[in-house]
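J.: need coordinates for the following:
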Amino acid sequence: MKYPNVHVVGHPLVQHKLTLMRRKETPTAEFRRLLREISVLLAYEVTRDLPLTTEHIETPIAPMEAPVLAGKKLCVVSILRAGHGILEGFLDLIPSARVGHIGLYRDPNTLVPVEYYMKVPQDIGERLTVAVDPMLATGQSAAAACQRLKDSGAATIRLVCLLAAPEGMEHFIAQHPDVEVYTAAIDEKLNEHAYIVPGLGDAGDRLFGTK
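T.: Down below sits the predicted model:
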């Protein structure tokens with residue numbers, strides 16, 4: 001199935017690093033480093049159409065009208081806790097970006113997301129908002145997070161994830177057909193525990209070494 005507004009980033013470096021992350025023997029430190037590196041590449045893709053203006057500068061040789069970003073810098077919203085792994089890569093590339101946080105956990109019985117924290121810039125409606133979370137599994141947490149961002153005034157939202165399951169992608173798109181999604185891969189399916197198959201396990205546990 002083809003998904004509208006979904007961009008699968010097939011860059012060879014993204015795919016190679018993703019394979020290294022998938023390996024079960026990859027240690028925490030390397031997993032963390034690889035996620036940060038991939039996130040820089042994903043940030044490059046999601047920002048390739050940012051508007052530009054020009055300003056007058058002088059190089060060591062001559063004056064010129066040079067391109068610079070127009071308007072306010074974007075806001076990156078980390079969906080806690082694993083979203084921090086992608087957030088760091090974005091800030092490496094765009095250190096002046098504003099940062100927001102949404103804390104969600106998945107109820108183990110109902111699989112419904114439960115919010116426990118949210119803090120975003122007051123002027124979020126004037127910024128491109130990029131929500132980041134490594135795994136789009138059932139899609140419920142990402143959909144809930146994006147709805148909260150809309151409720152807070154965000155007008156233009158993009159979602160960045162490392163991996164997605166078809167079930168999660170379909171759920172998210174049904175809830176937010178206006179949100180563009182950037183991912184490194186769409187895997188086969190979800191298993192009975194709502195883990196992505198073949199996936200890479202629990203991104204948060206592998207990122208923080210909690211299992």
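
J.: can you give me the strands for the protein?
T.: For the chain, the strands defined by DSSP state E occupy 6-8, 52-58, 63-69, 75-80, 98-106, 113-119, 128-132, 135-136, 156-164, 180-186, 189-190, 196-197.

J.: list the buried ones in the helix ranked longest in the chain?
T.: Determined from DSSP state H, the single longest helix within the chain is helix 28-46. For helix 28-46, the neighbour count (16 or more other Cβ atoms under 10 Å) marks 31-32, 34-44, 46 as buried. Yep, even glycine has a C-beta here, placed from its N, CA and C like the rest.

J.: among the residues you listed, which pair sits farthest apart?
T.: Spatially, the most separated pair among the buried residues of helix 28-46 is 31 and 46, at 21.8 Å (Cβ to Cβ).

J.: returning to that earlier point: export the longest helix of the chain to PDB, keeping only CA atoms.
T.: Output of helix 28-46 as PDB, limited to C-alpha atoms (Å, rounded to 0.1, in the frame of the first residue of the first chain):
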ATOM      1  CA  THR A  28      23.900   0.700  23.900                       C
ATOM      2  CA  ALA A  29      26.700   3.200  23.200                       C
ATOM      3  CA  GLU A  30      26.800   2.300  19.600                       C
ATOM      4  CA  PHE A  31      23.000   2.200  19.200                       C
ATOM      5  CA  ARG A  32      22.800   5.700  20.700                       C
ATOM      6  CA  ARG A  33      25.500   7.000  18.400                       C
ATOM      7  CA  LEU A  34      23.900   5.500  15.300                       C
ATOM      8  CA  LEU A  35      20.500   6.900  16.100                       C
ATOM      9  CA  ARG A  36      22.000  10.400  16.500                       C
ATOM     10  CA  GLU A  37      23.800  10.000  13.200                       C
ATOM     11  CA  ILE A  38      20.700   8.800  11.400                       C
ATOM     12  CA  SER A  39      18.700  11.700  13.000                       C
ATOM     13  CA  VAL A  40      21.000  14.300  11.400                       C
ATOM     14  CA  LEU A  41      20.300  12.700   8.000                       C
ATOM     15  CA  LEU A  42      16.600  12.600   8.600                       C
ATOM     16  CA  ALA A  43      16.700  16.200   9.800                       C
ATOM     17  CA  TYR A  44      18.300  17.100   6.400                       C
ATOM     18  CA  GLU A  45      15.400  15.500   4.600                       C
ATOM     19  CA  VAL A  46      12.600  17.100   6.600                       C
END
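
J.: ranking the strands of the chain by burial, who's on top?
T.: strand 135-136 (a mean of 28; mean count of other Cβ atoms under 10 Å).

J.: now that one: how far from the chain's centre is it?
T.: In this view, strand 135-136 has its centroid 9 Å away from the chain centroid, taken as Cα atoms, centre = their mean, to the nearest Å.

J.: now swap in stretch 66-82 and tell me
T.: Averaging C-alpha positions (Cα atoms, centre = their mean) puts stretch 66-82 11 Å from its chain's average.

J.: next: stretch 200-211.
T.: Worked out by Cα atoms, centre = their mean, stretch 200-211 lies 17 Å from the chain centre.

J.: next: stretch 152-163.
T.: 8 Å.

J.: so for it, mean pLDDT?
T.: Computed over stretch 152-163, the mean pLDDT rounds to 96.
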